[in-house]
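Student: give me a 3D structure for the following:
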Amino acid sequence: MKGWVVKEYGPYKESMHFEAIEKPEAEGMAALIQIKAAGLNFADLLSVEGKYQSKVPPPFTPGIEAAGVVVETGEDCSLNAGDRVIVMNLAGAFAEYIAMIEHMTFPIPDSMSDEEAAAFLVTYQTAYFALAYRAQLKEGETLLVHAGAGGVGSACIQLGKAMGATVIATAGSEEKLQVCRDCGADHVINYREEDFAKKVKSLTSGNGANVIFDPVGGDVFDKSTKCIAWEGRIVIIGFASGRIPEISANRILLKNIAVTGLFWGNYMMHNPFLVKETHTKLCKLYEEGKIKPVIYKTYALNALPDAFEALGSRKSYGKIVLAPE
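Tutor: All right, here's what the predicted structure looks like:
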C-alpha cells in the first residue's frame, strides 16, 4: 500500500516521503480499515516537526484521525467487515489502510459522508468537552469563540447555538467572518479592524461574555480577561499565537472567574467512556441537522504537502481532508 512516512523530524517538505509501505494486519482486538478520508489537524503538522507534546519516534506515518470501512477483523474483534468507522490514533492515518484496536473506533452515521466523518471526531469532541464539560455553558449565556472559522471554532459556534447561547465569533477576514455567520454566529468581529474586547462589552451591555473559547493564547488571552463577565469561564485549548500567556491571580479573584484548560486527547486514556458517550450525543445532533462539519477542501492523499501548506498558512477555514485515490 501507499502512505506517508516521516523518517526524521523536520519541516514537512523535507521530512515526509510518499512511498510503498507495509500493509498492517488485523490481529486480536484490532480491525484492518481501508481509509476513505483523513482529517488534518494542526497537531499533525507539529508531530511531523517533532514539536507535538505526544511524540511518535520516526519512522512513522503521520495522521491522527480518519474515516473508513472495516475489511478484516482480528479473532477477538467484534466489528464486522463493511462497518464504517472513524479511527483515532497518535499516527497512521495518512495511508491507504490502518489497523486499529476496536475501542479506538467510532461508528459513522449512515447519513454522514466519509469526508464529513474524517472532519468530525477531533473537532466536535474538543468543542463539546470545552463547552459542556469544562465551561458548563448554559442556555441564555453569551459565548465568545476566538478563531471562529477554524475547525474547532466552527464546531464551537454550532454547538453553542445548539446549547442555546448567544454566540460572538472573531476572525481575521471577511471570508472567515462569513463562515462564522454561516455556522450560526449572532455577532462577528474582525479582530484585525476592531478591538474585540471593547466590541464584546458593547454587545453585552457592558457585562462581557460568560464563556470564552481560546485556542490562540498570547495577546488574545490578555484581551479576553478584559471582556469576561462576572463568574465567567475562559477555556484554553491551545496557543496558536506562539505565546503562552499569564494571568495575575488577583484578577481571577476579583471577577470571580475561572480559567480552565482542555487537552481532549488525554480523555481516551482517563475517561474513554465519556468520549464514547459524547460521540453518541454528537451523532444525534448531526442527524438532527444542528451540526455539520465545515470542509475547506479535499486533497488527494499524495498532495499532503499542499494540504499542510494551506493549513500552516492560516488561509484555510474549517477542516482540510485527504482522500486516497
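Student: what strand or helix carries the residue nearest the centre of the chain?
Tutor: The residue lying closest to the centre of the chain (C-alpha atoms, centre = their mean) is Thr123, at 2.8 Å. Taking DSSP states H and E as the definition, Thr123 sits inside helix 121-128.
Student: which elements pack onto that helix?
Tutor: Applying 3 or more C-beta pairs under 8 Å, 6 or more residues apart in numbering; DSSP states H and E, we find helix 121-128 packed against strand 30-39, strand 84-88, helix 151-162, helix 272-287. The C-beta positions use only the backbone N, C-alpha and C, and glycine is treated the same way.
Student: recalculate using a threshold of 10 Å.
Tutor: strand 30-39, strand 65-73, strand 84-88, helix 151-162, helix 267-270, helix 272-287 (3 or more C-beta pairs under 10 Å, 6 or more residues apart in numbering; DSSP states H and E).
Student: quick one: average confidence on the helix or strand that comes right after that helix?
Tutor: Counting by DSSP H and E, the next helix or strand C-terminal to helix 121-128 is strand 142-145. Averaged across strand 142-145, pLDDT comes to 99.
Student: again, but for stretch 38-52
Tutor: pLDDT averaged over stretch 38-52 gives 93.
Student: report the distance from it to the chain centre.
Tutor: 12 Å (C-alpha atoms, centre = their mean, to the nearest Å).
Student: over to stretch 280-293?
Tutor: Using C-alpha atoms, centre = their mean, the offset of stretch 280-293 from its chain centre is 16 Å.
Student: list the buried residues in that stretch.
Tutor: Buried residues in stretch 280-293, counted by 16 or more other C-beta atoms under 10 Å: Leu282, Cys283, Leu285, Tyr286, Ile291, Lys292, Pro293.
Student: now stretch 106-119
Tutor: Phe106, Pro107, Ile108, Met112, Ser113, Asp114, Glu115, Glu116, Ala117, Ala118, Ala119.
Student: go on, stretch 260-279?
Tutor: Here stretch 260-279 shows Leu262, Trp264, Gly265, Tyr267, Met268, Val275, Thr278, His279 as buried, counting by 16+ other C-beta under 10 Å.
Student: same check on stretch 176-187?
Tutor: Lys176, Leu177, Val179, Cys180, Arg181, Cys183, Gly184, Ala185, Asp186, His187.
Student: mean pLDDT lowest for which of the helices and strands packed on helix 121-128?
Tutor: helix 267-270 (a mean of 91).
Student: packing partners of that one?
Tutor: helix 121-128, helix 272-287.
Student: which secondary structure elements does the last one contact?
Tutor: Meaning helix 272-287. strand 105-107, helix 121-128, helix 151-162, helix 267-270.
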